[in-house]
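J.: what follows is a predicted structure for the sequence shown.
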Amino acid sequence: MHVRNRDKFRKKNLFFFGAASLLWFIIRTGTKPSRMAYPCQRAALANSSMLLSISISFSLTSLLTKTKTFLSKKATTIALLIIAASVILNSEQFWGNLQLAGAVDPNQEIQLPLEPRTATAFPASEIFVVNGRGYAHVGGLMNLMGSHGLLFYKSGTSGMNQGPDGLIACDDVVLIKINEEWPYRGGTNTDVLKELIQAIVDHPDGFVGEIVVADNGQWQGSMNWPESNAEDITQSTQDVVDMFLPHHNVSTYTWIPIRGTRVDEYVDGDMTDGYILYDTPDPETGIYVSYPKFRTQFGTYISFKNGVWNGTGYEKRLKVISMPVLKSHSSYGVTASLKHYMGVQTQKLANGHQTIATGGMGTLMVETGLPTLNIIDAIWINANPPPSNLAGPSTHYDRATRTNVLAASTDPVALDCWAAKYVLVETANLIGYIDTKTLDPSNTDKNGVSDEAFGVWLNLTKNEIIAGGHNVSNDENHLNIHVSPLIGDINYDGTVDIFDVVLASTAFGSEPEDPYWNPSADLNNDNIVDVFDAVLLAHNFGKTA
């Protein structure tokens, strides 16, 4: 079939499918308006309004682009009105109601329409998001952070991503807290880990410090899983660390072997690897705080709470970067930055898991110090909401959805709240789930999870951290969300406008082998410019990065 004929065929199909959906909605609703609440009816209504208006919009816009008068003010105004009408007709219905027909299908790749946001109340927490297969990399995340004042490198020389107020100094000991507990997609992405380690050793002042990748998987875990979370699934955490030897001091340390060994601090003369355990529980949350102290492969003595031991005192050169995988959790709804700290404490001597429900991870963070930076790995996520039997924390390859997102913040509460609402919940909807309340950060209904609703323990954890003197928030009015790139900005001028519509319309219906293919217009990266790309563009029309 010729390209032009195939394009016409797709556009006709788009129109007829929209008309069919509308007819189905009318027939099935009949004289009972209550049927409009049925999931299949909501889907039919959303499909019909979206597909009909998008098909008409793009057909008219395509026609305008082929006329000599396209650049006239009148034609431009018409095109703008078409797109505006499309946005008004579709945004709420499509994003709120569209459910794919058939069974739930988590094993797919999707593009999320993540949006920037400006705080309306203060103090405000900053969240940085890179979105898309070509953009979700540590380098892009660092650049986005740096462009908004959060510099990755601490340096006496000011420049791109560096300055006196930066996070990581050239002689710091950086502890990267990963998830070693789970194989497959349940553990931290080793490609992202590799990029992070590379970024650290590329310090502009020359990195002379040390990096240790650590975790306590409690009942199971490995730095050398044969089936890992990466493009090359055989690439383990240990494989990545070994890539940097012998040129840099990079090592792994699994705290599992020492999780049952109670020790005293270095200042008390105890040089043994093990866990410090508080004698009494916290009066608010009931947690017995515990944390590791250990000697690295290169002879550095680390106290997770107090820093680097030099023989006479503690140096504040220990910087913790927490890097969880974003997943659903059958017991607590969501696992992200806060739940990730379960791998700091020891379940063999203490009771951290039981106190997540009461805010215990907040107590643990306050007592041992909040991470220098939290980076949520959402390249592949488990968005199957409890009580689904596909829910996390274990996540086999066929349960994971590829979303290509990395997000970072110094505020773990804000980061978890945002990631749950805009990545987990949105993805769960797109892969076929209707009831996603167990992933919702505002949910206080325990039904569906075995221990406690995410909204309940998130709020209690927030209160603990605030009581400890830190500014954190789960109120969206207190959040600045920085997103790169802005989905729909096809010409990369910082705004989704009529010029992007022209480019999308020109490429509409094309695939990579076609003469008018434009990869920048393939917004969801599925190798075809179609209605789903049009919806993504329409959703952000008029927005500026």
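T.: Alright, I've got the coordinates. Numbers count the residues shown, from 1 in each chain.

J.: got the contact list for the closest residue to K327 other than its chain neighbours?
T.: Closest residue to K327 apart from its sequence neighbours, by C-beta to C-beta, 6 or more residues apart in numbering: G392 at 3.7 Å. All C-beta atoms are positioned from the backbone trio N, CA, C, and that covers glycine. With contact set as C-beta atoms under 8 Å, 6 or more residues apart in numbering, G392 has these partners: G186, K327, S328, H329, S330, T335, N382, N384, R399.

J.: who's in contact with the third one?
T.: Counting by C-beta under 8 Å, 6+ apart, S328 touches 334-335, 382-386, 388, 391-393, 424, 428, 438-439.

J.: show me what it bridges to in the sheet.
T.: On the basis of DSSP bridges, S328 is bridged to V334.

J.: from P485, how far out is it?
T.: With the distance defined as C-beta to C-beta, to the nearest Å, S328 ends up 27 Å from P485.

J.: coming back round to it: most neighbours, which of the contacts of S328?
T.: Comparing those by number of neighbours (other C-beta atoms under 10 Å), A383 comes first, having 33 neighbours.

J.: I'd assumed A428 was in contact with it.
T.: Yes - applying C-beta atoms under 8 Å as the test, A383 and A428 come out as touching, 4.4 Å apart.

J.: now do the shared contacts for those two.
T.: Common contacts of A383 and A428, defined by C-beta under 8 Å, 6+ apart, comprise S328, L439.

J.: rewinding a little: the residue nearest to K327: helix or strand, and which one exactly?
T.: G392 is part of no helix or strand when elements are defined by DSSP states H and E.

J.: from N382, how far off is it?
T.: Using C-beta to C-beta, G392 is found at 4 Å from N382.

J.: same check on R185?
T.: With the distance defined as C-beta to C-beta, R185 ends up 7 Å from N382.

J.: common neighbours of those two, please.
T.: Taking C-beta under 8 Å, 6+ apart as the contact definition, R185 and N382 share the neighbouring residues T395, R399, A400.

J.: tell me the contacts of the second one?
T.: So that's R399. Each residue near R399 by C-beta under 8 Å, 6+ apart is listed here: P106, N107, R185, N382, N384, L390, G392.

J.: for it, phi and psi?
T.: Torsion angles at R399 (phi, psi; degrees, to the nearest 10) stand at phi -100, psi -10.

J.: pLDDT at the spatially closest residue to it that is not a sequence neighbour, what is it?
T.: Distance criterion C-beta to C-beta, 6+ apart; nearest residue to R399, sequence neighbours excluded, is L390 at 4.9 Å. For L390, the pLDDT comes out at 97.

J.: same check on G362?
T.: In this model, G362 is scored at 98, pLDDT.

J.: from what I see, it and K462 are in contact.
T.: Yes - under the criterion of C-beta under 8 Å, G362 lies in contact with K462, with a separation of 6.9 Å.

J.: looking at the two, which is more packed in?
T.: Under the neighbour definition other C-beta under 10 Å, G362 and K462 were set side by side, and G362 has more, 33 against 24.

J.: let's verify the more buried one: helix, strand, or coil?
T.: The three-state label given to G362 by DSSP: H, G, I helix; E, B strand; the rest coil is helix.

J.: ok, now which ones touch it?
T.: G362 sits next to T285, L338, L460, T461, K462, N463, E464, I465, G468 when contact means C-beta under 8 Å, 6+ apart.

J.: the helix or strand hosting the fifth one: what's the following helix or strand?
T.: Using DSSP H and E, K462 sits in helix 454-467. Scanning the chain past helix 454-467 towards its C-terminal end, the next helix or strand to appear is strand 479-484 (assignment: DSSP H and E).

J.: what are the ranges of the strands in the stretch 401-545 of the chain?
T.: Defined through DSSP state E, counting those that start in this stretch, the strands belonging to the stretch 401-545 of the chain, from first to last, are 401-409, 479-484.

J.: just the C-alphas of the first one, formatted as PDB.
T.: Only the C-alpha atoms of strand 401-409 are listed here, as PDB (Å, rounded to 0.1, in the frame of the first residue of the first chain):
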ATOM      1  CA  THR A 401       5.800  -1.500  32.500                       C
ATOM      2  CA  ARG A 402       8.500   0.600  30.800                       C
ATOM      3  CA  THR A 403       7.800   4.300  31.600                       C
ATOM      4  CA  ASN A 404      11.300   5.800  31.000                       C
ATOM      5  CA  VAL A 405      11.300   8.200  33.900                       C
ATOM      6  CA  LEU A 406      13.900   9.400  36.400                       C
ATOM      7  CA  ALA A 407      13.000  11.800  39.200                       C
ATOM      8  CA  ALA A 408      15.000  13.400  41.900                       C
ATOM      9  CA  SER A 409      14.600  15.500  45.000                       C
END
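
J.: compute the inter-axis angle for it and strand 479-484.
T.: 120 degrees (axes from the mean of the first three to the mean of the last three C-alpha atoms, to 10 degrees).

J.: and strand 401-409, how far from the chain's centre?
T.: Once both centres are worked out by C-alpha atoms, centre = their mean, to the nearest Å, strand 401-409 turns out to sit 3 Å from its chain's centre.

J.: who's in contact with the closest residue to A121 other than its chain neighbours?
T.: Take A121 and drop its neighbours on the chain: the residue closest to it by C-beta to C-beta, 6+ apart is N477, 4.2 Å away. Residues counted as contacts of N477 (C-beta under 8 Å, 6+ apart) are A119, T120, A121.

J.: distance-wise, check N477 relative to S125.
T.: N477 sits 11 Å away from S125 when distances are taken as C-beta to C-beta.

J.: mind listing the helices for this structure?
T.: In chain order, the chain shows helices spanning 3-29, 39-65, 73-97, 138-147, 190-201, 237-243, 360-368, 412-419, 425-430, 454-467, 498-507, 531-540, with DSSP state H as the criterion.

J.: one step back: identify the contacts common to N477 and S125.
T.: Residues touching both N477 and S125 (C-beta under 8 Å, 6+ apart) are A119.

J.: any low-confidence regions in this protein?
T.: 1-103, 492, 545 (pLDDT under 70).

J.: report the contact partners of the nearest residue to K421 once chain neighbours are set aside.
T.: Excluding the flanking residues, the one nearest K421 by C-beta to C-beta, 6+ apart is P441, at 5.5 Å. Residues touching P441, when contacts are defined by C-beta under 8 Å, 6+ apart, comprise V334, D416, C417, A420, K421, F454, G455, L458, N474.

J.: so the second one touches A336, yeah?
T.: If I follow you right, that is D416. Yes - counting by C-beta under 8 Å, D416 sits close enough to A336 to count as a contact (4.2 Å).

J.: shared neighbours, those two?
T.: Residues touching both D416 and A336 (C-beta under 8 Å, 6+ apart) are I376.

J.: excluding its backbone neighbours, what's nearest Q220?
T.: E181 (6.2 Å).

J.: now that neighbour: how far from L424?
T.: To L424, E181 is 19 Å away according to C-beta to C-beta.

J.: pull the most distant pair out of the contacts of R399.
T.: With C-beta to C-beta as the measure, no two of the contacts of R399 lie farther apart than N107 and G392, at 14.4 Å.

J.: span of stretch 509-522 from start to end?
T.: Across its full length, stretch 509-522 reaches 10 Å between end residues, using C-alpha to C-alpha, to the nearest Å.

J.: kindly apply the preceding question to stretch 365-378 instead.
T.: End-to-end distance (C-alpha to C-alpha), stretch 365-378: 22 Å.
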